[in-house]
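> With the sequence up front, the predicted model follows.
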Amino acid sequence: MTKLWGGRFTKATNQLVEEYTASINFDRKLARYDIIGSMAHVDMLASCGILTHQEAAIIIEGLNKVDYKIECGKVELDVGHEDIHMNVEQLLSKEIGPLSGKLHTGRSRNDQVALDMRLYLREVVVDMVEQLVQLQQALLTQAKTNLDTILPGYTHLQRAQPVSFAHHMMAYVFMFQRDVERLQDSFKRINQMPLGAGALAGTTFPIDRQQVADKLQFDGLCENSLDAVSDRDFVIEFLANTSMISMHLSRLSEELVQWSSTEFNFIELDDAFCTGSSMMPQKKNPDVPELVRGKTGRVYGNLIGMLTTLKSLPLAYNKDMQEDKEGMFDTAETLKGALALFAPMIETMHVNKEAMYKAVAEDYSNATDLADYLVGKNVPFREAHAVVGQVVLHCINKGCYLLDLSLEEFHQFSDAIEEDIYEALTPESVVAARNVPGGPAKNRVQEQFLSAEKSITAS
Ligand code: ARG
């Protein structure tokens, strides 16, 4: 097969080399972006007098046809033409003949591929923000319907202090808000236009880079031609931001899995989001959160892979950089799939308020509040802590909870305890008492609703 770059070669490429060096099997995903970029490039070449307007019109019409044919799968993309850029050019030559050879004037595949990647990624980022916002809204809706639902908050996975389920859901809303903001911030670094950098040292043609940037709605131009073709920071940043999103999703997944167990029984995921067992008829498995948790591995792997590929690469382009695509596509698709499921799964999740309440009531998670009560009666906190430790030990030995003790029993440990202790130690009072900004008291959680809603609508 004749290569676009075949002039200085006297032998055909070894078949295995051809297959090994080709990227068409994965960079075909860039076809649409490649063609959009080529159209803007040709348009600019004409307005700068490098091509005639008539030539540009024919090339653009040809590119439209190629675009259509690739979209409908009417053409073969060929490993012999290595990558999407050369495949498109070949297909164009079939449409319009030798004039297709003028398309690549003043351009290299090195700046072309950088352009395609940026065009692709900026769409992915915008869609991902949209999906994250939908997830935040689902979490917020669950929070609002569960303002009064009390469950144990945990540290070390041991019951620690009661919180509301609303408070717990809001923690995730804020995590995903930071994720949204990180993606949005990264957009300005993705949205810089590399075309015009050529292979590495720009071009001798009097091109107008700004015109291409304007046409393709870039925020600015990559400012150094060597950097423009060598930079994959924007890919790494995307892989890092998505790793963080995956980590957040994985923590939430882990909680959903635990909460769905008979041991917790705090939630039940809707049947539509669970699967069964081929052997055990009673099973209803939380496969979706498990798989989301599991896929965090590949998302992290893609980040580490890309960081390692770029490490030690000399300037400017090196073929190693062709390895930038599969991880990026894989992460984008992995996250897209997870986020598409997560919002409706959270929305339809059933919250077992009674089981949550029982877990709080049948526990010692109000012990801090007994200590705080004693502090209110002028007992130093350390002393109060020790006294309550004794009370808890007494209860454990007796097989009861703090609220089951009589006033006489309390008095064996401290005279400062009075009748009002029974009101102070109910789960409701314990949550309500945590009335600091950011705390779980109802009005504080409502403040969180307002603040989150504000940021979400601004996203
Ligand atoms: N397929 C190549 C890549 O993805 C395009 C750039 C090739 N440039 C080159 N000089 N071989 O990196």
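Alright, I've got the coordinates. Residues are numbered from 1 along each chain as shown.
> quick check: mean pLDDT across stretch 83-97?
In this model, stretch 83-97 has an average pLDDT of 98.
> Now do the buried residues in it.
Judged by neighbour count (16 or more other Cβ atoms under 10 Å), stretch 83-97 contains these buried residues: 83-93, 95-96. No exception for glycine: its C-beta is placed from N, CA and C like everyone else's.
> what about that stretch and the ligand, touching?
Yes: applying Cβ under 6 Å from any ligand atom, one finds stretch 83-97 in contact with the ligand at residue 83.
> and what of stretch 106-126?
Yes: Stretch 106-126 is in contact with the ligand by Cβ under 6 Å from any ligand atom, via 109-110, 113.
> ok, back up a step: will you turn the buried residues of stretch 83-97 into a markdown table that also has secondary structure?
Shown next, in a markdown table, are the buried residues of stretch 83-97 (DSSP: H, G, I helix; E, B strand; the rest coil):
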| residue | secondary structure |
| --- | --- |
| 83 | coil |
| 84 | helix |
| 85 | helix |
| 86 | helix |
| 87 | helix |
| 88 | helix |
| 89 | helix |
| 90 | helix |
| 91 | helix |
| 92 | helix |
| 93 | helix |
| 95 | helix |
| 96 | helix |
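> Find the pair from those residues with maximum spatial separation.
Greatest spatial distance among the buried residues of stretch 83-97 (Cβ to Cβ): 83 and 96, at 20.5 Å.
> neighbours around residue 272, how many?
Residue 272 has 8 neighbours, counted by other Cβ atoms under 10 Å.
> so who does residue 286 touch?
By Cβ atoms under 8 Å, 6 or more residues apart in numbering, residue 286 lies in contact with 256-257, 260, 269, 274.
> Just the ones of the residues you listed in helices?
With helices taken from DSSP state H, the overlap with those comprises 256-257, 260.
> just so I have it, where are all the helices in the stretch 201-350 of the chain?
Secondary structure of the stretch 201-350 of the chain (DSSP state H, counting those that start in this stretch): helices located at 209-215, 225-230, 233-260, 287-310, 324-347.
> buried set for the last one?
Buried positions in helix 324-347, judged by neighbour count with 16+ other Cβ under 10 Å: 324-332, 334-335, 338-339, 342-343, 345-346.
> which residues make contact with the one helix or strand residue 62 maps to from outside it?
In the assignment (DSSP states H and E), residue 62 maps to helix 53-71. Contacts with helix 53-71, where a contact means Cβ under 8 Å, 6+ apart, come from 28, 31-32, 35, 38-39, 42-43, 45-46, 51, 74-75, 77, 88, 91-92, 95-96, 99-100, 102-103.
> quick one: which of these sit in helices?
Here DSSP H is the test, and the contacts of helix 53-71 give 31-32, 35, 38-39, 42-43, 45-46, 88, 91-92, 95-96 as lying in helices.
> quick one: stretch 88-108 to chain centroid distance?
Put simply, stretch 88-108 sits 38 Å off its chain's centre (Cα atoms, centre = their mean, to the nearest Å).
> Run through who's touching that stretch.
Contacts for stretch 88-108 (Cβ under 8 Å, 6+ apart): 4, 31, 34-35, 38, 41-42, 45, 50-51, 55, 58-59, 61-63, 65-66, 69-70, 75, 78, 81, 195-200, 203-205, 207, 229.
> tell me the contacts of residue 423?
By Cβ under 8 Å, 6+ apart, the neighbours of residue 423 are residue 429.
> Which of the buried residues of stretch 83-97 lies at the shortest distance from the ligand?
residue 83 (3.6 Å; Cβ to the nearest ligand atom).
> tell me the pLDDT at the nearest residue to the closest one once chain neighbours are set aside?
Closest residue to residue 83 in three dimensions, ignoring its sequence neighbours and counting by Cβ to Cβ, 6 or more residues apart in numbering: residue 23, at 4.5 Å. pLDDT, residue 23: 98.
> surely residue 23 meets residue 85?
No: applying Cβ atoms under 8 Å, one finds residue 23 not in contact with residue 85, separated by 9.4 Å.
> Show me the two of the ones in helices among the contacts of helix 53-71 that sit farthest apart.
Within the ones in helices among the contacts of helix 53-71 (distances taken as Cβ to Cβ), the two that end up farthest apart are 31 and 46, at 22.8 Å.
> How is the chain divided into domains?
12-105, 110-206+219-358, 361-458 (automatic domain parsing).
> how distant is the last one from the center of its chain?
In terms of Cα atoms, centre = their mean, the centre of domain 361-458 is found 37 Å from the chain centre.
> and if you look at the second one?
Here domain 110-206+219-358 shows a centroid-to-chain-centroid distance of 2 Å under the convention Cα atoms, centre = their mean.
> in stretch 25-39, what's buried?
By 16+ other Cβ under 10 Å, the buried positions in stretch 25-39 come out as 26-27, 29-39.
> who's in contact with it?
Contact partners of stretch 25-39, identified using Cβ under 8 Å, 6+ apart, comprise 59-60, 63, 66-67, 70-71, 77, 79, 83-85, 87-88, 103, 112-113, 115-117, 119-120, 195, 216, 325-326, 329.
> Using neighbour counts, trim those residues to the buried set.
59-60, 63, 66-67, 70, 77, 79, 83-85, 87-88, 103, 112-113, 115-117, 119-120, 195, 216, 325-326, 329.
> How about the residues of the stretch 51-200 of the chain by the ligand?
Applying Cβ under 6 Å from any ligand atom, we find that the stretch 51-200 of the chain lies next to the ligand at 83, 109-110, 113.
> Helices - which of those land there?
109-110, 113.
> Show me which of the buried residues of stretch 25-39 is closest to the ligand.
residue 27 (5.8 Å).
> Identify the residue spatially nearest to the closest one, adjacent ones excluded.
residue 84 (4.5 Å).
> now residue 177
In space, residue 177 is closest to residue 455, 5.3 Å off (Cβ to Cβ, 6+ apart).
> check which helix or strand covers the one you found.
Going by DSSP H and E, residue 455 is part of helix 442-458.
> If you average the pLDDT over that helix, what comes out?
When pLDDT is averaged over helix 442-458, the result is 97.
> Can you list the buried residues in whichever strand or helix holds residue 373?
Secondary structure from DSSP H and E places residue 373 in helix 367-376. Residues 367-375 are the ones in helix 367-376 that count as buried (16+ other Cβ under 10 Å).
> Could you export those to CSV, including columns for pLDDT and distance to residue 189?
Output for those, formatted as CSV (pLDDT from 0 to 100; distance: Cβ to Cβ, whole Å):
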residue, pLDDT, distance to residue 189
367, 95, 49
368, 94, 45
369, 94, 48
370, 96, 53
371, 96, 50
372, 95, 48
373, 95, 53
374, 96, 55
375, 96, 51
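> Can you narrow those down to the ones near the ligand?
Of these, not one also sits near the ligand (Cβ under 6 Å from any ligand atom).
> Now tabulate these in JSON lines and tack on distance to residue 279.
Converted to JSON lines, these look like this (distance: Cβ to Cβ, whole Å):
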{"residue": "367", "distance to residue 279": "44"}
{"residue": "368", "distance to residue 279": "45"}
{"residue": "369", "distance to residue 279": "47"}
{"residue": "370", "distance to residue 279": "49"}
{"residue": "371", "distance to residue 279": "50"}
{"residue": "372", "distance to residue 279": "51"}
{"residue": "373", "distance to residue 279": "53"}
{"residue": "374", "distance to residue 279": "55"}
{"residue": "375", "distance to residue 279": "56"}
